Each structure stands twice: as C-alpha cells, then as structure tokens.
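A.B. asks: pasting the structure only:
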C-alpha cells in the first residue's frame with residue numbers, strides 16, 4: 001500500500017469528487033515524456049519526424065488534456081502549429097536546456113481552463129530556481145490547471161511534473177523533497193479547498209531495478225531508492 005501510494009509524481013491528475021478514468025468514455029486524459037529535441041537523434045527518432053507521429057496520434061485518440069514532459073521552445077511552437085485545437089499551459093521562463101520543461105495542452109472545444117499555475121522544485125518554489133542539491137543541475141518544476149468539462153460541467157485538476165534523475169543519496173533526498181512539495185500543493189489546491197482529491201498514477205510497479213536509461217526512463221523502482229519511497233509514505237501517513 002505504501003509503495004503504490006508514492007508512485008505518483010511523473011504526471012498526476014488531482015480530480016474533484018469520485019472519478020474513474022477507465023470507466024469514463026467522455027473525458028480522455030493522457031501523459032507522456034515527449035523527449036527533448038537534439039541533433040543526436042537521427043532517422044525516426046529525430047524531432048522533425050516524431051512531431052508528425054504525435055500529430056497523427058493526437059488526431060486519432062483525440063485526448064482532452066495531455067501532460068507532456070521535456071517539451072522545449074521549438075517543440076512547443078511545433079505542437080501549437082500542428083494541433084490548432086489545443087491550447088498550452090507553460091512554466092514561465094522555461095523552454096531551454098535549463099529544465100522544468102513540463103507543459104499541459106488541452107482541447108479548448110471540450111474543456112475550459114479556469115485557473116492555472118506552476119512552481120519549481122526548490123526551497124524558493126515560486127521563482128525560477130535550481131532543484132535542491134542533486135546531481136543533475138537543472139530546474140525541475142510542476143505545471144497545473146483547473147479545468148471544467150464543457151459536456152458535463154465537472155471540474156478537475158491536472159498536474160504535470162518531472163523529478164530529478166540520479167540514484168545517489170542526495171538525488172533520492174531531492175526526489176523526496178520534490179515529492180513532498182508536490183503532494184503538499186496538491187492537497188491544498190488554491191480554489192475549492194476541502195474537496196477530496198483522487199490521484200491518477202503514471203509509474204509502473206513492475207519495472208526491473210537497474211533499467212533506468214535502458215528504455216524506461218524515470219519510472220524504474222531502484223533497490224537503492226526504496227528507502228526514500230517508504231520514508232515519504234510514512235511521513236504522509238499512508
């Protein structure tokens with residue numbers, strides 16, 4: 001129970017009231033790491049090729065709200081051009097290799113954005129700042145939006161975040177600090193306080209330890225990290 005409770009912070013939705021993604025055929029929510037654009041990627045991996053595959057997927061699935069990681073400025077501009085029905089929420093001042101490139105896109109025809117915001121993973125979370133004391137010297141951030149379904153009138157929160165890399169003790173402490181910061185913000189959303197949140201988790205519990213960097217970035221459960229997960233669950237009373 002404690003392990004499953006923690007696996008929340010790669011892309012997470014906080015919904016108002018009881019809501020089931022599996023049972024709902026009226027609202028489609030999605031999250032994925034889009035991978036940043038780099039000249040090192042060639043062939044089908046190159047962004048100039050990948051972006052059209054994303055366009056085809058979006059046209060086919062027609063999601064209402066999507067959380068996207070690693071979308072830099074050029075990629076954001078391309079997505080806006082290729083997906084004209086979607087608007088985008090961004091973290092102010094991001095888009096470069098500095099990090100915190102988490103964005104949310106949403107279909108303006110099916111949902112209405114009521115409120116949005118962002119914060120950085122640091123002790124000064126309301127301003128651009130480096131993520132704690134971790135190995136990868138980058139910004140890490142979370143972007144969120146409060147939406148209303150146009151068809152049914154229901155409200156929901158959608159959060160997109162990206163934790164730091166690394167398995168050293170300081171990296172695990174950074175993940176823990178970022179997770180506590182995220183969870184604290186989610187449990188105290190600006191509008192509608194006192195409403196019961198539900199979390200939609202995006203990590204997989206069956207990943208083999210040691211597969212980070214081998215096709216399963218960010219969602220592997222490392223043996224060295226289990227202590228951090230347990231600590232978080234204990235602190236939050238799970």
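C.D. replies: Everything's here; your move. In this text, all values refer to a predicted model and were calculated from it rather than measured experimentally.
A.B. asks: contacts, neighbours, all on C-alpha from now
C.D. replies: Will do.
A.B. asks: Buried ones in the helix ranked longest in the chain, by neighbour count?
C.D. replies: In the chain, with assignment by DSSP state H, the single longest helix is helix 169-187. Applying a neighbour-count criterion of 16 or more other CA atoms under 10 Å, the buried positions in helix 169-187 are 171-182, 186.
A.B. asks: repeat for stretch 109-123
C.D. replies: 110-113, 116-122.
A.B. asks: average pLDDT across it?
C.D. replies: The average pLDDT within stretch 109-123 is 95.
A.B. asks: So which residues make contact with that stretch?
C.D. replies: Contacts to stretch 109-123, defined as CA atoms under 8 Å, 6 or more residues apart in numbering, come from residues 64, 85, 89, 91, 100, 125-132, 139-151, 177-178, 181.
A.B. asks: In space, what's closest to residue 47 - neighbours in sequence excluded?
C.D. replies: residue 37 (5.6 Å; CA to CA, 6 or more residues apart in numbering).
A.B. asks: Could you do residue 105 as well?
C.D. replies: Computed as CA to CA, 6+ apart, the closest residue to residue 105 that is not its neighbour in sequence is residue 88, at 4.3 Å.
A.B. asks: do residue 31 as well
C.D. replies: Nearest residue to residue 31, sequence neighbours excluded (CA to CA, 6+ apart): residue 67, at 4.4 Å.
A.B. asks: and that neighbour, what does it touch?
C.D. replies: Residue 67 is in contact with 11, 30-32, 102-105, 158-160, counting by CA under 8 Å, 6+ apart.
A.B. asks: helix/strand/coil for it?
C.D. replies: With DSSP: H, G, I helix; E, B strand; the rest coil as the basis, residue 67 sits in strand.
A.B. asks: swap in the one 4 residues further on?
C.D. replies: When the structure is split into helix, strand and coil by three-state DSSP, residue 71 lands in coil.
A.B. asks: show me what contacts it?
C.D. replies: By CA under 8 Å, 6+ apart, the neighbours of residue 71 are 34-36, 95, 101-103.
A.B. asks: Out of the contacts of stretch 109-123, name the ones that lie in strands.
C.D. replies: Under the assignment DSSP state E, the contacts of stretch 109-123 contribute 89, 141-149 to strands.
A.B. asks: worst-scoring helix or strand of the protein, pLDDT-wise?
C.D. replies: When the helices and strands of the chain are scored by mean pLDDT, DSSP states H and E, helix 2-6 comes last with a mean of 37.
A.B. asks: mind checking how far residue 113 is from residue 81?
C.D. replies: Note on residue 113: its distance to residue 81, by CA to CA, to the nearest Å, is 20 Å.
A.B. asks: swap in residue 147?
C.D. replies: Taken as CA to CA, the span from residue 147 to residue 81 is 23 Å.
A.B. asks: same thing with residue 143?
C.D. replies: Distance of residue 143 to residue 81, computed by CA to CA: 21 Å.
A.B. asks: which of those two has more neighbours?
C.D. replies: residue 143 (25 against 11; other CA atoms under 10 Å).
A.B. asks: Show me what the more buried one is bridged to.
C.D. replies: Counting by DSSP bridges, residue 143 forms beta bridges with residue 118, residue 160.
A.B. asks: List just the nearest of the contacts of residue 71 to residue 59.
C.D. replies: The closest of the contacts of residue 71 to residue 59 turns out to be residue 34 (CA to CA; 16.3 Å).
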